[in-house]
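[1] Structure of the sequence below:
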Amino acid sequence: MSRIGRMPIAVPAGVTVDIAENNKVTVKGPKGTLERVLPAEMDIKLEEGQVVVTRPNDLKKMKSLHGLTRTLINNMVVGVTAGYEKKLEVNGVGYRVAKAGKKLTLNLGFSHPVEMEDPEGVEAVVEGQNIIIVKGIDKEKVGQYAAEIRDKRRPEPYKGKGIKYADETIRRKVGKTGKK
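    Take a look at the predicted model:
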C-alpha cells in the first residue's frame, strides 16, 4: 500500500470538500476556493470529516496515482486554510525590485527593466529592495511564478549574483588566478 495514499486527510473547521462526478473535487475555505479534476480511477470518499483515497487495484499506474491524488487534495486543503508562499532574494550590485499595482519591475543589470504581471490567484509582495515573497492558495501556481521570476536572472556560481530562493544554497566556484 502507498504510505502517503493510505493516510486520511483531516478537513479542518471552516473548510468544505465537495466531490462531484468524474472526481471533480472542490475545496472551499477561509482564503478562497480551489477545484481540480483528479484521476477518475481513484475512489475519493468523505467520511466523518476526513477525505479518504482508495485505489481499485495494485497496478503500477494505480499505485503512483494513489499517492499523487491524496497529496493534491491535501495541498488544496492546506492552500485554502494557510496558503503558500515562496521567498526569493535578489543579490547583486544595482539589482533591485519594485512593485506597482500588479506589475513587478526587476532591474537586473540588463539595459532595460524586466516587467512581470502577477498571474491570476498569485500575488508578489516586495520587502525592501531585494526580497520578493510570492503568495497564493494554489501551490502549483505559486511555485511556477516564483520559478519564472528566478529564471529572469539565475544565480551565478562565481559572485552569487542573481535571483535565488531564500532557502537555496549556491555552490560557489573559485575564480581565475593570475600568472605566476
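
[2] Can you pull the phi/psi pair for G14?
    phi 90, psi 0 (degrees, to the nearest 10).

[3] Please read the previous query as pertaining to Y95.
    phi -80, psi 130.

[4] Excluding chain neighbours, give the residue nearest to it in space.
    L108 (5.5 Å; C-beta to C-beta, 6 or more residues apart in numbering). Just so you know, the C-beta spots here come from the backbone N, C-alpha and C atoms, and that holds for glycine as well.

[5] That neighbour touches E115, doesn't it?
    No: counting by C-beta atoms under 8 Å, L108 sits too far from E115 to count as a contact (11.5 Å).

[6] neighbouring strands for the lengthiest strand in the chain, and are they parallel or not?
    Among the segments of the chain that qualify as a strand by DSSP state E, the longest is strand 84-91. Note on strand 84-91: by DSSP bridges, its sheet partners are strand 131-136 (antiparallel), strand 162-165 (antiparallel).

[7] Packing partners of the host helix or strand of L46?
    In the assignment (DSSP states H and E), L46 maps to strand 43-47. On a contact count with 3 or more C-beta pairs under 8 Å, 6 or more residues apart in numbering; DSSP states H and E, strand 43-47 meets strand 16-20, strand 50-54.

[8] Comparing these, which comes out most buried?
    strand 50-54 (a mean of 18; mean count of other C-beta atoms under 10 Å).

[9] right, and the helix or strand after it?
    Next element after strand 50-54 (DSSP H and E): helix 60-81.

[10] That next one to strand 50-54, inter-axis angle?
    160 degrees (axes from the mean of the first three to the mean of the last three C-alpha atoms, to 10 degrees).

[11] For the lowest-mean-pLDDT helix or strand in the chain, enumerate the helices and strands it packs against.
    Between all helices and strands in the chain, the lowest mean by mean pLDDT, DSSP states H and E belongs to helix 3-6, at a mean of 86. Contacts defined by 3+ C-beta pairs under 8 Å, 6+ apart place helix 3-6 against helix 60-81.

[12] The helix it packs on: which residues count as buried?
    62, 65-81 (16 or more other C-beta atoms under 10 Å).

[13] picking up where we left off before, so for L108 and E115, which sits in the more crowded spot?
    L108 (18 against 11; other C-beta atoms under 10 Å).

[14] ok, the more buried one - contacts?
    Counting by C-beta atoms under 8 Å, 6 or more residues apart in numbering, L108 touches V90, G92, Y95, V114, K152, R153, G162, I163.
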